[in-house]
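S.K.: Curious how this folds, go ahead:
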Amino acid sequence: MKKLTSLFCAGAAIALFSACSDGSDSSSAKTNTSQDTSTVVKYSVVFASSGTQADGAHALEQLIAEKSNGRLTMQFYPSAQLGDKVATFEGLQNATVEMTECAVTDLSAFNPIWSVFSLPYLWDSGEQAIKTIMDPAVEKVLKADAEANGFKIIAWTDLGSRSFVNTKRPINTPADLQGLKMRVMEDAVLAESVTAMGAIATPLPFSEVYTGMQQGTLDGADYQIPNVLAAAWQEICKYMSLTEHFTIPDVVFVSKAWYDNLSPEDQKAITEAGAAFTQKWNDEIWPKAITSSRAKLEEAGMLINNVDKKPFVEAVNKVIDDFLASASDEQKEFYNLIVETRNKY
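M.R.: Numbers count the residues shown, from 1 in each chain. This is a model prediction of the structure:
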């Protein structure tokens, strides 16, 4: 009887061990299969983890998953977690980062034709800008240049127009900008334009702007209404003046080296997700954000004033003239293409 009981116990132990072992192996196999079939797409950006652009990132994440049937998984890295724009661009060229979003002017670091987008008052609206850029004649030039530098463009996003935000006073005329240290993106034409309007242009990375305004080393910066809210500048800045001097769309692109190594099915999924995101952002997300964000800023106590733009336009005319006078033939040709195409919209 003892022998039978012992054999029964041993058999049960073996069965239990086998069951646990089989379950563990099965789970491991499933995990490995999942890891093997899901390709990670790291999305590295400088904008915040909440707000309109973050909402857009999550919409893009869903579209990538849907279009690839789960084969591609986007991982969102906001607030320069993987490095600033320079580090991110290097990562894309080396295929250690898969995707980013930036202002079109940032790509002037690779080809000066992109500096044309830095010119002030180039557009009547963000809608006109995005339609011009997505016109086949213009888009063909930009996509070819991006690919020559290691980037595959998948989406274009309207970000409206940038206006001055500051801690000191409302801006109604260029004279009101005198003596104010205003942060600008790191681009020479942008800095020259803000200087021409009367401010002290201060090129800085975006990550340093909030602290600079908080500590008083900056008096303000320029940004779009929804992004002011996302960056929480209303916590330290009382004034926003709608000068709308720069209208600079954003571009979403992936590493070409990474893209070229994807299967044809996954390449199609990425491009289709980008096209769907372009439409969703420009037709739905951004227009709704402008109205709702302005209401929230004003509720928080920010004073937002409209501006007669004519004096500001006149102040920057020389910047445009100087740019064209010293521009390369390629820049002039691209500028003429932009102006010609813009008139259609």
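
S.K.: switch to C-alpha atoms for all contacts and neighbour counts from now on
M.R.: Will do.

S.K.: Using the three-state scheme, assign residue 46.
M.R.: Under the three-state scheme (DSSP: H, G, I helix; E, B strand; the rest coil), residue 46 adopts coil.

S.K.: Contacts only, for it.
M.R.: By Cα atoms under 8 Å, 6 or more residues apart in numbering, the contact set of residue 46 is 78, 79, 80, 81, 84, 85, 206, 207.

S.K.: okay if I get these as CSV plus secondary structure?
M.R.: Converted to CSV, the contacts of residue 46 look like this (three-state DSSP):
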residue, secondary structure
78, coil
79, coil
80, coil
81, coil
84, coil
85, helix
206, helix
207, helix
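
S.K.: From the residues you listed, list just the buried residues.
M.R.: 78, 79, 80, 84, 85, 206 (16 or more other Cα atoms under 10 Å).

S.K.: one step back: dump the contacts of residue 46 into CSV; add distance to residue 252 and pLDDT as well.
M.R.: Formatted as CSV, these follow (distance: Cα to Cα, whole Å; pLDDT from 0 to 100):
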residue, distance to residue 252, pLDDT
78, 14, 96
79, 16, 93
80, 16, 93
81, 18, 96
84, 16, 92
85, 13, 93
206, 18, 89
207, 20, 87
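
S.K.: and residue 86, how many residues sit next to it?
M.R.: Applying other Cα atoms under 10 Å, we find 10 residues neighbouring residue 86.

S.K.: just to confirm, which helix or strand has it in it?
M.R.: For residue 86, the host element (DSSP states H and E) is helix 85-94.

S.K.: For that helix, what is the distance to the chain centroid?
M.R.: Distance of helix 85-94 from its chain centroid, counting by Cα atoms, centre = their mean, to the nearest Å, is 14 Å.

S.K.: Now the element after that helix, going C-ward?
M.R.: Toward the C-terminus, helix 85-94 is succeeded by strand 99-103 as the next helix or strand (DSSP H and E).

S.K.: outside of that following strand, which residues touch it?
M.R.: Outside strand 99-103, the residues within contact range by Cα under 8 Å, 6+ apart are 41-45, 85, 88, 92, 248-255.

S.K.: what's the most distant pair in those?
M.R.: By the measure Cα to Cα, 41 and 248 form the most distant pair in these, at 25.5 Å.

S.K.: Those two: which has the busier surroundings?
M.R.: The neighbour count for residue 41 versus residue 248, taken as other Cα under 10 Å, is higher for residue 248 (26 against 20).

S.K.: For residue 76, see how far away the more buried one is.
M.R.: 23 Å (Cα to Cα, to the nearest Å).

S.K.: Going by neighbour count, which residues in stretch 278-293 are buried?
M.R.: Buried-residue list, stretch 278-293, by 16+ other Cα under 10 Å: 278, 280, 281, 282, 285, 286, 287, 289, 290, 293.

S.K.: State the distance spanning the first to the last residue of it.
M.R.: Start-to-end, stretch 278-293 (Cα to Cα) is 21 Å.

S.K.: Repeat that for stretch 76-87.
M.R.: 16 Å.

S.K.: Pull the distance from that stretch to the chain's centre.
M.R.: Put simply, stretch 76-87 sits 11 Å off its chain's centre (Cα atoms, centre = their mean).

S.K.: For the stretch 51-200 of the chain, just list every one of the helices.
M.R.: For the stretch 51-200 of the chain, the helices defined by DSSP state H, counting those that start in this stretch occupy 52-67, 85-94, 126-133, 136-148, 188-196.

S.K.: closest one to residue 167 among those helices?
M.R.: Set against residue 167 and scored by Cα to Cα, those come closest in helix 188-196, at 16.9 Å.
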